[in-house]
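> Structural data only, the sequence is not supplied:
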């Protein structure tokens, strides 16, 4: 149902602008939506509501590349206070108008794409860090706080907020919670869910509830924090979060290892595991991506081998772990970066913010499966076969420490017939193959819209029904980001 | 509503036996329950169903010390196959008879106490380790597998199952999941929830569903694994779990630190944190407990100081962390155990399986609050005031690494008037004080029956209602461990 395209944002804006005329300009909003907008203007501070085309355009989508273009939301609310969020939900319930809550919109699953008449609730202005309690190792934040800003603020206390999705310099904590965001450091430090202790949530009818606890441990009642975390704005609106902080490591050692073949690199991952080394970051880069890196950074990795691993070892054990890694590969042909090589660090930092994938191919889609770690080589071989069969190109980088793979499939506009259809088939086969191997359709990006049709490949109808029932319980009018996530 | 008593198990059995005559011997089971038992005998293998008094007695309660005695369950089913569990739930739904699912019954919250007509579903015979996949770092287990047995089985691969409640040598993985069990190592490795990837669950009506994923990361749909984890048998019956394994540390360093005062010991915890050292185990032992230990182990800690910390440092950083700890306290009067002191290790192992608290006081209750780490000293002072006011004794050990405190209140039978009432008041005040300080009523033991009345002290009626609605969704007939957990 949902295909992808990689036209850049400027192109998309043009398309959406054209779409505006088609989708909204030609018709009137429903009476209920008009009444809601009037009521919002009445109840909220003037600056909080916008029906300007630019605001609506900016809030019509995330970074997910759907072939179906979004339409413009009827209005955008920039909430600044909890009470404003409550007012929005109360009114939206009264007029039965869908509300799509969003942060920075850096998600890639289309979870905040606007496909029907709706109001967007933009949380990015609720960006106060309310408390940093270094001795408790927690912070209390509003949902619009940028991940990176929180890390900057807590670093002076020797602390960090561990989850680091590639978008961490732009994405908000609220958005990270909505998607249960992962990142590179979660192999060692866990995903977003492991760092969220408590949430204040505005429910669909405007009531405010507090779930979770302010302590690291706590088992009073059901785990409602985990239920809201990763629910992509379909169960409630997070307005405040208590997050756990971790210790900033006293030492960090970065290593780049170049292997002759991909198989050897994956075997290298197992060797590191067997030596009981737990890297903070462990990334696998395939040969095609090495070539892209060489082009971008004027390096020369591609000629040195067929695949590489990037490692960051941290904490008190960093030095001994680095020695242990070097010992593991001492007798092999692996080329390890020199101690303190700034190149390894540069590559890891590059990887922390991107796929090393800035080229603008005509059609491209980045995937996000996770599979059991032992099936990696087999999976890559299957991907290569699929790419060959469908005549598409493939590159892959992976959070190999936790089996989370990000293959990118791409094809030029002029390469043969029906490039989009071939791309689509290749992607679908890559996902089916992951499921065959006991994997999941999404390791960290979320279901959103893009993966919704695939959910039934992974989960039984009983499980999907159960989730819809939970959704109905919390959102009986189906106004919270309807049609997404489940 | 629920008070405590500490009569030992033998005494309790006598009381329960007397109770049998009062509660069951004198009356007939309801017609529905009789029909259910007949149907169970018909459908299940003969060995799977028991109405013998001994079996019913053994399955009437857990280690929770409620003043209200349990009654005998109408029958006990020892399930061996998933299909048997499904049959039990189908029939229980048909006849609308409550089912209390249990493992080894080592819980201390009364979660499996039988207080009304019910069948107990004992999962301890479903104790097969179905798979160990060392390269994937996961195991697949039935719920009756003993925590310790799993650890023994995976240790040959250099792996461990991290959650280690004090009952780990007796308790089952299923029971650990039902209570989201904690333990000592979770300061570093997380609680049970962080080690459970996927669950097979039999629902109230007998349907079997699979939730979660086989990979470390995965965000497809809502987090139903977390919803079932810690739900104390009220939402479904776990029949299979995929658990994440961690690396057995390559090195372990144990340290005992004796401080002059409790305040200094707690300040010591902060100093260790500020040095960014993350112990695998970090326990605080107060002076009263040191005296108990001295009596038991013929040691002489109590005269050396007012409180002690037990630390286990593990992994590649263990040695450097040990050096760092010694550096932190080099200039102070803290008495640190010598390097490789077997005494420190013995104390930690003792602490891993008990509270160092084997004395049989007439009335005793062990608490389980968690509070923000910075409030520790203040909290202990408040506890001391409370104990004094109510004329009860108090000892405390704490998982101080995550702010999870286990004060024990006790009073002799001959000590003044109404010892139980005083004990009860002291405990309630200790819990209220924890909540005042931003804590929780239960860090790791669970709500069960004992803490049910307190849940409303911690959570709003909206939040409690929401949980009841979720319960109704999954268990519309209210036959899954009714009246517990929420």
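Arrived safely. For clarity, every value in this text was computed on a predicted model and none was experimentally measured. Numbers count the residues shown, from 1 in each chain, chains lettered A, B, ... in the order given.

> Tell me the buried residues in the helix or strand hosting residue A:86?
Per DSSP states H and E: residue A:86 is located in helix A:82-95. Within helix A:82-95, the residues that count as buried by 16 or more other Cβ atoms under 10 Å in any protein chain shown are A:82, A:84-93, A:95. Using the backbone N, CA and C atoms, a C-beta is placed for each residue, glycine as well.

> Pop out the phi and psi values for residue A:103.
Torsion angles at residue A:103 (phi, psi; degrees, to the nearest 10) stand at phi -110, psi -120.

> residues contacting it?
A:122-124, A:143-144, A:171-175, A:178 (Cβ atoms under 8 Å, 6 or more residues apart in numbering or on different chains).

> now, among these, which is nearest to residue A:49?
Distance to residue A:49, by Cβ to Cβ, is smallest for residue A:122 among the contacts of residue A:103, at 10.6 Å.

> Show me what secondary structure element comes after the longest helix along chain A.
The single longest helix within chain A, with elements called by DSSP state H, is helix A:419-436. Sequence order places helix A:452-458 as the next helix or strand after helix A:419-436, per DSSP H and E.

> Tell me which other helices or strands that following helix touches.
Judged by 3 or more Cβ pairs under 8 Å, 6 or more residues apart in numbering or on different chains; DSSP states H and E, the packing partners of helix A:452-458 are helix A:419-436.

> that older thread, would you indicate which residues of the longest helix of chain A are buried?
Buried-residue list, helix A:419-436, by 16+ other Cβ under 10 Å: A:419-420, A:422-427, A:429-434.

> Just put those residues in TSV and tack on distance to residue B:404.
Shown next, in TSV, are the buried residues of helix A:419-436 (distance: Cβ to Cβ, whole Å):
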residue	distance to residue B:404
A:419	57
A:420	54
A:422	55
A:423	51
A:424	50
A:425	52
A:426	49
A:427	46
A:429	48
A:430	44
A:431	41
A:432	44
A:433	43
A:434	38
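
> Tabulate those residues in TSV, adding columns for pLDDT.
What follows is the buried residues of helix A:419-436, written out as TSV (pLDDT from 0 to 100):
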residue	pLDDT
A:419	87
A:420	86
A:422	93
A:423	92
A:424	92
A:425	95
A:426	96
A:427	95
A:429	97
A:430	97
A:431	97
A:432	97
A:433	97
A:434	97
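
> Return the closest of these with respect to chain B.
For the buried residues of helix A:419-436, the closest approach to chain B (Cβ to the nearest Cβ) belongs to residue A:434, at 9.1 Å.

> Pull the contacting residues for the nearest residue to the closest one once chain neighbours are set aside.
Distance criterion Cβ to Cβ, 6 or more residues apart in numbering or on different chains; nearest residue to residue A:434, sequence neighbours excluded, is residue A:369 at 3.7 Å. The neighbourhood of residue A:369, defined by Cβ under 8 Å, 6+ apart, consists of A:404-405, A:407, A:430-431, A:434, A:439-443.

> Give me the pLDDT value at residue A:369.
The confidence metric pLDDT takes the value 96 at residue A:369.

> Likewise for residue A:342?
Looking at residue A:342, the pLDDT reads 87.

> Which residue ranges of the stretch 101-250 of chain A form strands?
Assigned by DSSP state E, counting those that start in this stretch, the stretch 101-250 of chain A shows strands spanning A:119-122, A:129-133, A:138-141, A:159-160, A:196-202, A:208-212, A:237-244, A:246-247.

> Would you mind giving those strands as a markdown table with distance to chain B added?
Below are the strands of the stretch 101-250 of chain A laid out as a markdown table (distance: least, Cβ to the nearest Cβ, whole Å):
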| stretch | distance to chain B |
| --- | --- |
| strand A:119-122 | 20 |
| strand A:129-133 | 7 |
| strand A:138-141 | 7 |
| strand A:159-160 | 9 |
| strand A:196-202 | 10 |
| strand A:208-212 | 5 |
| strand A:237-244 | 9 |
| strand A:246-247 | 4 |
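
> Make CSV out of those strands and add mean pLDDT and mean neighbour count.
Shown next, in CSV, are the strands of the stretch 101-250 of chain A (pLDDT from 0 to 100; neighbours: other Cβ atoms under 10 Å in any protein chain shown):
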stretch, mean pLDDT, mean neighbour count
strand A:119-122, 98, 26
strand A:129-133, 98, 15
strand A:138-141, 98, 24
strand A:159-160, 98, 22
strand A:196-202, 98, 23
strand A:208-212, 98, 21
strand A:237-244, 98, 25
strand A:246-247, 96, 20
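
> Make JSON lines from these and add distance to residue B:478 to it.
What follows is the strands of the stretch 101-250 of chain A, written out as JSON lines (distance: least, Cβ to Cβ, whole Å):
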{"stretch": "strand A:119-122", "distance to residue B:478": "36"}
{"stretch": "strand A:129-133", "distance to residue B:478": "40"}
{"stretch": "strand A:138-141", "distance to residue B:478": "37"}
{"stretch": "strand A:159-160", "distance to residue B:478": "45"}
{"stretch": "strand A:196-202", "distance to residue B:478": "26"}
{"stretch": "strand A:208-212", "distance to residue B:478": "23"}
{"stretch": "strand A:237-244", "distance to residue B:478": "31"}
{"stretch": "strand A:246-247", "distance to residue B:478": "41"}
